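Asks: model this:
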Amino acid sequence: MIMEHDENGFLSKVSFYDVENNLCENGSGYATVVYKNDVHGNTVEQYYYGIDGKRVDCSSGYTGVKCKYDEIIMRQKTHETYYERR
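Replies: I've put the predicted structure just below:
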């Protein structure tokens with residue numbers, strides 16, 4: 001597993017690899033998950049990708065999620081939108 005971080009130090013990408021260092025799917029059905037964070041570190045977008053780089057469904061049945069947070073208390077999630085593969 002390789003974890004990458006954005007310019008603010010927040011987790012931005014996790015990719016899974018086998019013992020031969022080949023990208024592989026994890027137990028939840030994806031090889032890579034990509035995060036977009038706001039300046040407070042809240043994840044505002046999260047998407048799942050297969051070995052081929054195309055979006056895939058995670059084990060919960062969606063390919064991504066977008067989140068919104070309270071504008072006053074930036075750490076309280078107020079809304080989630082889930083996306084299915086097209």
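Asks: tally of neighbours for residue 68?
Replies: 13 (other Cβ atoms under 10 Å). Any C-beta I mention is one placed from the backbone N, CA and C, and that applies to glycine too.
Asks: Nearest residue to it in space, please, no chain neighbours.
Replies: residue 79 (4.0 Å; Cβ to Cβ, 6 or more residues apart in numbering).
Asks: For the residue lying farthest from the centre of the chain, list the residues it contacts.
Replies: Distance from the centre of the chain peaks at residue 72, with 24.7 Å (Cα atoms, centre = their mean). For residue 72, the contact set (Cβ atoms under 8 Å, 6 or more residues apart in numbering) is empty.
Asks: rewinding a little: for the helix or strand containing the residue nearest to residue 68, which outside residues touch it?
Replies: In the assignment (DSSP states H and E), residue 79 maps to strand 77-83. Identification of contacts with strand 77-83 by Cβ under 8 Å, 6+ apart yields 42, 47, 62, 63, 64, 65, 66, 67, 68, 69, 70.
Asks: Quick check: helices, which of the residues you listed are part of them?
Replies: Assigned to helices by DSSP state H, none of the contacts of strand 77-83 qualify.
Asks: in the protein, which spans are strands?
Replies: 2-5, 11-15, 32-37, 43-49, 64-69, 77-83 (DSSP state E).
Asks: any idea of the mean pLDDT in the third one?
Replies: Spelled out, that is strand 32-37. Model confidence over strand 32-37 averages 97 on the pLDDT scale.
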